[in-house]
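Participant: missing the sequence, but the structure's below:
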């Protein structure tokens, strides 16, 4: 999975949100830690362990 591309799509607004299942969450988290615009990305845990990532407005 190309998490870098997914993060770019979140920040650009191409994706409204991205849901990651618990078994993939650690790999995505490693990518987020190295991502230059990570301050714009927010994760919300759901029941069952899935995490839904969204972005804040980057124009502020």
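Facilitator: It's in. Bear in mind the structure is a predicted one, so any value in this text is a computation, not a measurement.

Participant: how far does stretch 12-27 sit from the chain's center?
Facilitator: Stretch 12-27 sits 5 Å away from the centroid of its parent chain (C-alpha atoms, centre = their mean, to the nearest Å).

Participant: outside of it, which residues touch it?
Facilitator: 1, 3, 6, 8-10, 28, 46, 48-55 (C-beta atoms under 8 Å, 6 or more residues apart in numbering). C-beta here means a position set from N, CA and C on the backbone, and glycine is covered the same way.

Participant: could you redo the last one with a cut-off of 7 Å?
Facilitator: Residues outside stretch 12-27 that contact it (C-beta atoms under 7 Å, 6 or more residues apart in numbering) are 1, 3, 6, 9, 10, 28, 49, 50, 51, 52, 53, 54.

Participant: Could you find the closest non-adjacent residue to the second one?
Facilitator: Looking back up the chat, that one is residue 3. residue 31 (3.9 Å; C-beta to C-beta, 6 or more residues apart in numbering).

Participant: Which among the contacts of stretch 12-27 count as buried?
Facilitator: Buried members of the contacts of stretch 12-27, counted by 16 or more other C-beta atoms under 10 Å: 3, 6, 10, 28, 51, 53.

Participant: In strands only, show me the residues you listed.
Facilitator: Among these, the members falling in strands (DSSP state E) are 51, 53.

Participant: and residue 1, how far is that from residue 47?
Facilitator: Going from residue 1 to residue 47 by C-beta to C-beta, to the nearest Å gives 23 Å.

Participant: what about the residue nearest to residue 3, which helix or strand?
Facilitator: Element membership of residue 31 [criterion: DSSP states H and E] is helix 22-33.

Participant: Understood, closing this out.
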